[in-house]
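>>> predicted coordinates and the sequence they were generated for:
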Amino acid sequence: MTAAASPALELRALQQDMQRHLLGEDSAVTAAIVDAPPLAAADRLAIYRNAYQVRLIDALHDTYPVLHGLLGDEAWLNLGEAYVAGHPSVFRSIRWYGRDLNVFMAGCPPYDEAPILSEVALLEWTLSEVFDAKDADALDRTALAAVDPAQWSTLTFAFHPSLRRLTFSWNTAAVWKAMSRDETPPRPELGEAPVAWLLWRQNLQNYFRSMTDVEAAALDAALRGRNFGEICEDLSAWLPPDEIPAAAAGLLGTWADSGLLVGISEPSA
């Protein structure tokens, strides 16, 4: 004789059936729904399924308002429905839903025909990460000035948790800025070469700006944990030897002024 399932197990099975229905999978949940006027069981379930999809698309809009504006309502809805169908939420917090939208767009017609759209999506997502990142006390230039000159070559640097590094091939930032100000955006333009961008938060405000090849190389080296002497070595591909120390020190000062530096470390004995 088979033991009867416990109420907790029955509830769990019902919840799983409901989840499968919301995700468009085969489900037996219809049999558990009361079929009574004014709505049939299938119609009752359809309300929940539509509400689930709409809520996820609303969450996408919260993160990607500029992308929504660029596409227009109809194209945005089509994109949202396609993304939700292929990417059900796997997060406890809906805040993190939509992380891979830029990757989805880059490989999905017709959005892949306008690569700037996936770059705009990447910029918007990254800005949301920057805003939500942990905080840390920044160092100012006085901390750099206090370092013994004999120790400089072995110093390594820690950066603010909000720092992000992107590369754009299109005039993505210009389009985003115009749209965020309710201005007519410039036409999409492919640059002569990809451009490195730096994003961070300072005093509860998001910032981003482009970087020169020299700054990008120095920052990438510092983020990899290379010390000041090694950073200078990496810059030899970009600058004459006699210009490198001053250029590297100047970049550190700029990063300090922007609140990007949060730690200076010497090698342990």
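Now that the structure is in, tell me what you want to look at.
>>> which strand runs longest in the chain?
strand 190-202 (DSSP state E).
>>> now for it, which elements pack on it?
helix 115-132, strand 164-170, strand 205-211, helix 213-223 (3 or more Cβ pairs under 8 Å, 6 or more residues apart in numbering; DSSP states H and E). C-beta here means a position set from N, CA and C on the backbone, and glycine is covered the same way.
>>> Tyr64: which of these is closest?
In terms of Cβ to Cβ, the element of the helices and strands packed on strand 190-202 nearest to Tyr64 is helix 115-132, at 4.9 Å.
>>> dump the following helix or strand past the closest one to PDB, keeping only the CA atoms.
Proceeding C-terminally, helix 115-132 gives way to helix 141-145 as the next helix or strand, assigned by DSSP states H and E. C-alpha atoms of helix 141-145 as PDB (Å, rounded to 0.1, in the frame of the first residue of the first chain):
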ATOM      1  CA  ARG A 141      46.500  62.600  -3.800                       C
ATOM      2  CA  THR A 142      47.900  63.200  -0.300                       C
ATOM      3  CA  ALA A 143      48.100  59.400   0.100                       C
ATOM      4  CA  LEU A 144      50.300  59.200  -3.000                       C
ATOM      5  CA  ALA A 145      52.400  62.100  -2.000                       C
END
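>>> and the helix or strand following helix 141-145, what does it pack against?
The helix or strand immediately downstream of helix 141-145 is strand 156-159, counting by DSSP H and E. Counting contacts by 3+ Cβ pairs under 8 Å, 6+ apart, strand 156-159 is packed against helix 213-223, strand 261-265.
>>> ok, now with 7 Å
Using 3 or more Cβ pairs under 7 Å, 6 or more residues apart in numbering; DSSP states H and E as the contact test, the elements touching strand 156-159 are strand 261-265.
>>> circling back to that earlier point, let me have the helices and strands packed on strand 190-202 in TSV, extended by distance to Glu233 and mean pLDDT.
Formatted as TSV, the helices and strands packed on strand 190-202 follow (distance: least, Cβ to Cβ, whole Å; pLDDT from 0 to 100):
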stretch	distance to Glu233	mean pLDDT
helix 115-132	30	98
strand 164-170	20	98
strand 205-211	19	98
helix 213-223	9	97
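>>> between those, which one is nearest to Val54?
helix 115-132 (19.9 Å).
>>> and the angle for that closest one with strand 164-170?
160 degrees (axes from the mean of the first three to the mean of the last three Cα atoms, to 10 degrees).
>>> residues of helix 115-132 that come out buried?
115-130 (16 or more other Cβ atoms under 10 Å).
>>> can you name every helix or strand that that helix contacts?
Counting by 3+ Cβ pairs under 7 Å, 6+ apart, helix 115-132 packs on helix 41-63, helix 65-71, helix 101-106, strand 164-170, helix 172-180, strand 190-202, strand 205-211.
>>> if we go to 6 Å?
helix 65-71, helix 101-106, strand 164-170, helix 172-180, strand 190-202, strand 205-211 (3 or more Cβ pairs under 6 Å, 6 or more residues apart in numbering; DSSP states H and E).
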